[in-house]
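> Only the shape, not the letters, is given here:
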């Protein structure tokens, strides 16, 4: 064990001895591992995920589970562990990421890296996004080993580094290039879904089966610099303002893919009033002006739902000038684009240029490092296992396919043939708003339910009916 890890574990207060009962240990250790991971500060940047990888390696080794750490730079490290199955079916991969976004301690009511408990919640950066998932997946691997569960598939645990930066030098690119075989699988689960929680338990389980692709682009206007007392027709700021306005007013063509349709159809069953009417209009319209109108209407009622129906480009940063009485020679606007599944960056940029309708505006962009990925099917063995597990553990919850407007690294595995789904630990609406924000937290009861839910899914997919029936309940 490295000295750095030893100090971190001492600060985390990690117990060396595990409870004797595998069933009780599964839930207790999921909680304790979450707390230990939260206490390891892996804020990205810089990440320092090696301390989390070392911790997980040590935890798994206590039960004789071998693992390997893949390091692309001094502290940028992912961990992969594997429980061997019979080989009758291809592996399943349990994926998560160990880095977190930074947290300003002065803004929190609880220290962001203390993993404190209060009123049934565990507080700390990464509790909901997404060290809870890492803790449960590691504990599930240990539970499978301790109970000697017969597996028809290898079960791979993949604790990934560097998910939160989104820069061009991504650890996952290096890992897929150098060690893709280590995480190759038929099915996989990762973050990216949305499980909604209340005092009565989960009431909506959104299975992420598609997601948008992330891309930044910059609009650059050039003009003649000069004294502000003499207005010029080629003012770069004015040209940029026109371009941003035109792009903001442009509505990309709407489409309803299979995942979005399944989501909206489920939502329509419980929606009321204007929302129900808008959803039904979107579902019944054919591609073209009517569907575009329906998407616009839905955006005015529920922007999150509407974002599933089209590409989006949102201006986020403006930069121009340095003095009030000087006309700058250049002005820039940074925009964040989210591409529908399967859309190529070049096609989006062509439409952006057409919407701006000003050839003097330069459009700079770096395309995504991965090829476009389509939607995941909702009729697989894994998807059916999720539905079955939900009917057993949350019979009142609505279960539906879901397309995320955000982006995860599931796309990198999807691009290599793994059918990946996003199934997150449950959060209330309030707790969901705290993710990447202040006082991030996760209900301890929700964590326990998620541990039970994920285990049920894995048993149905990797172990088969015989092993699933032997599971202690």
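Arrived safely. Keep in mind that what you see is a predicted model, and the values were worked out from it rather than measured.
> Tell me how many other residues surround residue 284.
Residues contacting residue 284 under the criterion other Cβ atoms under 10 Å number 11. All C-beta spots, glycine's among them, are computed from the backbone N, C-alpha and C.
> And the pLDDT for it?
Looking at residue 284, its pLDDT is 98.
> Enumerate every residue touching the residue nearest the centre of the chain.
Using Cα atoms, centre = their mean, the residue of the chain that lies closest to the mean C-alpha position is residue 192, 3.6 Å off. With contact set as Cβ atoms under 8 Å, 6 or more residues apart in numbering, residue 192 has these partners: 208, 211, 404, 406, 408, 410, 422, 424.
> Can you tell me which of those has the largest number of neighbours?
Of all those, the highest neighbour tally under other Cβ under 10 Å goes to residue 211, namely 28 neighbours.
> Could you measure from it over to residue 381?
Residue 211 is 21 Å from residue 381, where distance means Cβ to Cβ, to the nearest Å.
> swap in residue 295?
For residue 295 relative to residue 381 (Cβ to Cβ), the value is 33 Å.
> Compare these two (neighbour count), which wins?
residue 295 (25 against 12).
> Check that one and give its pLDDT.
98.
> right, and the helix or strand after the helix or strand hosting it?
Using DSSP states H and E, residue 295 sits in helix 289-301. Reading on from helix 289-301 to the C-terminus, the next helix or strand found by DSSP H and E is helix 303-306.
> Output the contacting helices and strands for that next one.
helix 258-270, helix 289-301 (3 or more Cβ pairs under 8 Å, 6 or more residues apart in numbering; DSSP states H and E).
> What are the buried residues along that helix?
Residues of helix 303-306 classed as buried: 305-306 (neighbour count, 16 or more other Cβ atoms under 10 Å).
> cool, and stretch 376-389?
Buried, per 16+ other Cβ under 10 Å, within stretch 376-389: 376, 378, 380, 382-383, 385-387, 389.
> Which of the contacts of residue 192 fall in helices?
residue 410 (DSSP state H).
> Export the contacts of residue 192 to a markdown table and append columns for pLDDT.
Below are the contacts of residue 192 laid out as a markdown table (pLDDT from 0 to 100):
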| residue | pLDDT |
| --- | --- |
| 208 | 98 |
| 211 | 97 |
| 404 | 96 |
| 406 | 91 |
| 408 | 95 |
| 410 | 97 |
| 422 | 98 |
| 424 | 97 |
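> Just give me the closest of the contacts of residue 192 to residue 344.
If you rank these by distance to residue 344 using Cβ to Cβ, residue 211 comes first, at 16.0 Å.
> That closest one reaches residue 401, doesn't it?
No: in this structure, residue 211 is not within contact of residue 401 by Cβ atoms under 8 Å, at 11.7 Å.
> How is this structure partitioned into domains?
3-192+408-469, 214-365 (automatic domain parsing).
> Reduced to three states, what does residue 78 come out as?
Three-state assignment for residue 78 (DSSP: H, G, I helix; E, B strand; the rest coil): strand.
> Which strand residues bridge it?
For residue 78, the beta-bridge partners under DSSP bridges are residue 70.
> Tell me, how many residues neighbour it?
By other Cβ under 10 Å, 29 other residues sit near residue 78.
> quick one, what contacts it?
Residues near residue 78 by Cβ under 8 Å, 6+ apart: 49, 53, 69-70, 98, 158-161, 171, 175.
> measure it to residue 225 for me?
Applying Cβ to Cβ, the value for residue 78 to residue 225 is 48 Å.
> How about residue 271?
Taken as Cβ to Cβ, the span from residue 271 to residue 225 is 54 Å.
> if you count what's nearby, which of those two comes out ahead?
The residue with more neighbours, out of residue 271 and residue 225, is residue 271; 18 against 14, by other Cβ under 10 Å.
> low-scoring stretches of this protein, by residue?
1-20, 166-168, 464-473 (pLDDT under 70).
> Quick check: residue 40 touching residue 51?
Yes: taking contacts as Cβ under 8 Å, residue 40 lies within contact range of residue 51: 4.9 Å.
> the more surrounded of those two?
Shown here are residue 40 and residue 51; by other Cβ under 10 Å, residue 40 has more neighbours (27 against 23).
> Pull the contacting residues for the closest residue to residue 360 other than its chain neighbours.
Leaving aside its chain neighbours, residue 360 sits nearest to residue 239 (6.5 Å; criterion: Cβ to Cβ, 6 or more residues apart in numbering). Contacts were defined as Cβ under 8 Å, 6+ apart; by that measure residue 239 touches 221, 223, 331, 358, 360-361.
> how about a cut-off of 7 Å?
For residue 239, the contact set (Cβ atoms under 7 Å, 6 or more residues apart in numbering) comprises 221, 223, 358, 360-361.
> Name the member of these with the most neighbours.
Within the contacts of residue 239, most neighbours by other Cβ under 10 Å means residue 221, with 26 neighbours.
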